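[1] generate a structure from the sequence data that follows.
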Amino acid sequence: LLLTHSKFSLQKILLAFSTFLILLCSGAKINAQCGTLTGLSSTSVNIVCQGTVGNYFINNYNSLSTYTFGVLPATTVNATGPNISISWSTPGNYVLTMTDNTVGPCPNTIFQIHVVPSAAPQLNCNDTVNVSLDQTCNAVIWPSMVLEGTFDTLDYEVIIKDPLTGLVIPSSPAVNSSYKGRFLEVSVKHKCSTNSCWGVLRIEDKLAP
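    Purely as a prediction, here's the structure:
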């Protein structure tokens, strides 16, 4: 009985190994070998400038598989082997879906893309912004706290400097209790034109002890 059981187990092992070799030789992939796209992050919003062409590359590319790319709203996508190029000609928010049609199956990968207008907008910054720290003695400075008017926050970045040294503070664009009672220089820069304006932050702690 033991011998019969051993032979049966060995047959199962050999069958599984043979199946794996067949899949491997036929170009099929397991999930760990699914194609991935380099040049874009699937975990955060990707910022690109209007008028640029993004060049991306498929890792784990398999010539026996097919890869499809869907972009909403529609834009021009060119695929040559593992090389992918996408034209970002119109400002706005896009969703890119990559499908790897292979054995597995491989899950779709979704990318969020924000295209920033290339034209430099007029910028108006508040003169002085009073910032009260939260209960953890921290505060994040957003473009909406400094800029006046209507705008898309993703188009801008906040830079905070120490006016005494002229250097960007280590925690920028956040502040903490080490700056309590101080005045800091804050600027908001348009990401694609580099147009900017600046103002002053007054850091306060108004919470009861």
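
[2] so what's Glu81 closest to, chain neighbours aside?
    Glu isn't right for residue 81; it's Gly. Tyr61 (6.9 Å; Cβ to Cβ, 6 or more residues apart in numbering). Where you see a C-beta, it was placed from the backbone N, CA and C, and this is true even at glycine.

[3] for the one you found, helix, strand, or coil?
    Following DSSP: H, G, I helix; E, B strand; the rest coil, Tyr61 is assigned to coil.

[4] OK, contacts around Val168?
    Taking Cβ atoms under 8 Å, 6 or more residues apart in numbering, we find Val168 in contact with 159-162.

[5] switch the cut-off to 7 Å
    Neighbouring residues of Val168 by Cβ atoms under 7 Å, 6 or more residues apart in numbering: 159-161.

[6] also Gly199?
    Counted by Cβ under 7 Å, 6+ apart, Gly199 has contacts 125-129, 146, 186.

[7] now the residues you listed in a markdown table, with neighbour count?
    Formatted as a markdown table, the contacts of Gly199 follow (neighbours: other Cβ atoms under 10 Å):
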| residue | neighbour count |
| --- | --- |
| Cys125 | 17 |
| Asn126 | 16 |
| Asp127 | 7 |
| Thr128 | 10 |
| Val129 | 16 |
| Val146 | 24 |
| Val186 | 25 |
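
[8] which ones among the residues you listed map onto helices?
    Those of these mapping onto helices are Val146, per DSSP state H.

[9] and the residue nearest in space to the middle of the chain, how far is that from Thr90?
    Against the mean C-alpha coordinate of the chain, by Cα atoms, centre = their mean, the closest residue is Ser44 at 3.2 Å. Here Ser44 is placed at a distance of 21 Å from Thr90 (Cβ to Cβ, to the nearest Å).
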